[in-house]
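Participant: give the three-dimensional model of this entry:
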Amino acid sequence: MRMPDMTRKDHPEVVVKALGQLVLRMPFYSALLLSSPLIPQGVSTAATDGFAIYYNPAWIEQEGFTPKQVAFILCHEVEHMVRLHCSTTRRGARDHEVWNIAGDLTLNADLIDVLPRDWCPEGALYDPTFKGLTIEQAYEQLMKMGSKPSSQWADIVAADLSVEDLARVRGRIIQAAAKAGRGGVPDHLRRLIDELAEPTVDWRRVLAEFMQALARDDSSWNRRNRRGVYRGLVLPSRASGALGRVGLIIDVSGSVH
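Facilitator: Reported below is the predicted structural model:
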C-alpha cells in the first residue's frame with residue numbers, strides 16, 4: 001500500500017494549524033500523524049483504514065471546524081489506528097456500523113479526558129460508561145441495549161493490512177511513543193503500545209513449533225491413526241524418533257520469570 005507524500009501546501013490552513021496545536025501540546029499524536037500518510041481526499045468526512053488517515057477539506061470547511069476541533073478529529077483517527085479497530089478479521093461477522101460506533105464510544109471516553117474540553121466538536125459520541133472497554137465489549141453492550149446512538153460519520157474503513165504494512169504501522173507507533181517520551185504518551189495508550197513493543201508470546205506455542213521443527217514427519221504402523229478408526233480405516237500415525245530422549249528441567253530458583 002503506497003500513499004503519496006503530502007507536504008504542508010497540500011493541506012488547508014486549518015489542518016496545518018491543528019497539527020501545530022498537537023506538536024505543542026500532544027507530542028505522541030503529532031509524532032504519529034506526521035509519520036503517517038495524511039490524505040485530503042477519498043472520504044466524505046474523516047476516516048482511517050489503519051494505515052493512513054483521510055479527510056475531506058470541503059467537509060471541514062462546511063462544518064466550520066476550528067483548528068482545535070480538527071486536532072480532536074485527527075487524534076480520534078489516530079486512536080482507531082493504535083487500537084487496531086479497522087481489521088475485518090478482528091470484526092468478523094459483526095455489524096460494521098455498530099462496530100464503528102463501539103470504537104468511537106470507547107476511544108472518545110478516553111480522548112475527552114486527555115484533550116482540552118473545547119477541542120471536542122459538537123455532536124461527538126460520548127458516554128463515560130464506555131471508558132476502559134475494548135471495542136468488542138462495547139459492541140456487545142450496544143447489541144444488548146437494542147438501540148444504538150446515531151453517528152455523524154462512519155470513520156472506520158474496513159481493511160486487512162498486509163504483514164508488511166502492519167509492521168510499518170507498528171514501527172510508526174513505537175517510534176512516536178519514543179519521540180514523545182513516557183510522559184508524552186496518554187496513560188490509556190501505554191499498555192497497548194507496550195504490547196506492540198514487547199508482544200506477549202505464548203511459550204507453549206513457541207516450544208511446540210520448535211520441537212516440531214526438529215522432528216521428522218515420519219509415519220508409523222505401530223500405532224493406528226485414531227482419526228480413521230470411526231470410518232473403518234486403518235491408517236498410520238505420525239511418529240518420529242529423530243529427537244531421541246527429551247529431558248524436562250523445571251527451574252524453581254525464582255530467578256526466571
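
Participant: which residues in the protein form strands?
Facilitator: For the chain, applying DSSP state E gives strands covering 38-39, 46-48, 53-55, 218-224, 236-239.

Participant: how many neighbouring residues does the residue nearest to residue 21 when sequence neighbours are not counted have?
Facilitator: Computed as CB to CB, 6 or more residues apart in numbering, the closest residue to residue 21 that is not its neighbour in sequence is residue 71, at 4.8 Å. No exception for glycine: its C-beta is placed from N, CA and C like everyone else's. Counted with other CB atoms under 10 Å, residues neighbouring residue 71 total 27.

Participant: OK, contacts around residue 71?
Facilitator: With contact set as CB atoms under 8 Å, 6 or more residues apart in numbering, residue 71 has these partners: 18-19, 21-22, 26, 115, 119.

Participant: which of the residues you listed sit farthest apart?
Facilitator: 19 and 115 (14.4 Å; CB to CB).

Participant: picking that back up, can you put the contacts of residue 71 in CSV and add pLDDT, neighbour count and distance to residue 192?
Facilitator: Converted to CSV, the contacts of residue 71 look like this (pLDDT from 0 to 100; neighbours: other CB atoms under 10 Å; distance: CB to CB, whole Å):
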residue, pLDDT, neighbour count, distance to residue 192
18, 97, 27, 24
19, 96, 20, 23
21, 95, 21, 24
22, 96, 26, 19
26, 96, 24, 16
115, 95, 21, 18
119, 96, 23, 22
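
Participant: out of these, who's nearest residue 63?
Facilitator: residue 18 (13.4 Å).

Participant: residue ranges in the stretch 151-257 of the chain under the pLDDT threshold?
Facilitator: Applying pLDDT under 70 to the stretch 151-257 of the chain flags the ranges 151-152, 199-235, 237-244, 251-257.

Participant: make it 80
Facilitator: Along the stretch 151-257 of the chain, segments meeting pLDDT under 80 span 151-154, 197-257.

Participant: okay, stretch 181-193 in CSV with CA atoms only?
Facilitator: Provided in CSV are the C-alpha atoms of stretch 181-193 (Å, rounded to 0.1, in the frame of the first residue of the first chain):
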residue,chain,number,x,y,z
GLY,A,181,8.7,10.1,25.9
ARG,A,182,7.0,8.3,28.7
GLY,A,183,5.3,11.4,29.9
GLY,A,184,4.0,12.3,26.4
VAL,A,185,2.0,9.2,25.9
PRO,A,186,-1.5,9.2,27.3
ASP,A,187,-2.0,6.8,30.1
HIS,A,188,-4.8,4.8,28.4
LEU,A,189,-2.5,4.0,25.4
ARG,A,190,0.7,3.0,27.3
ARG,A,191,-0.4,-0.6,27.8
LEU,A,192,-1.3,-1.0,24.1
ILE,A,193,1.9,0.5,23.0
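
Participant: how about the helices in the stretch 101-250 of the chain?
Facilitator: With DSSP state H, counting those that start in this stretch as the criterion, the stretch 101-250 of the chain has helices at 135-145, 163-180, 187-197, 203-214, 226-229.

Participant: for residue 90, which of these is the nearest?
Facilitator: Across these, closest to residue 90 is helix 135-145 (CB to CB), at 8.1 Å.

Participant: contacts for the closest one, please.
Facilitator: By CB under 8 Å, 6+ apart, the residues outside helix 135-145 that reach it are 83, 85, 94, 98-99, 101-103, 105-106, 130, 133, 148.

Participant: and it, average pLDDT?
Facilitator: Mean per-residue pLDDT for helix 135-145: 94.

Participant: could you dump the contacts of helix 135-145 to TSV with distance to residue 158 and neighbour count?
Facilitator: Formatted as TSV, the contacts of helix 135-145 follow (distance: CB to CB, whole Å; neighbours: other CB atoms under 10 Å):
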residue	distance to residue 158	neighbour count
83	15	18
85	10	23
94	11	16
98	13	16
99	9	24
101	14	22
102	14	29
103	12	24
105	18	25
106	17	27
130	21	21
133	21	16
148	18	17
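
Participant: which one of those residues is nearest to residue 193?
Facilitator: residue 83 (10.7 Å).
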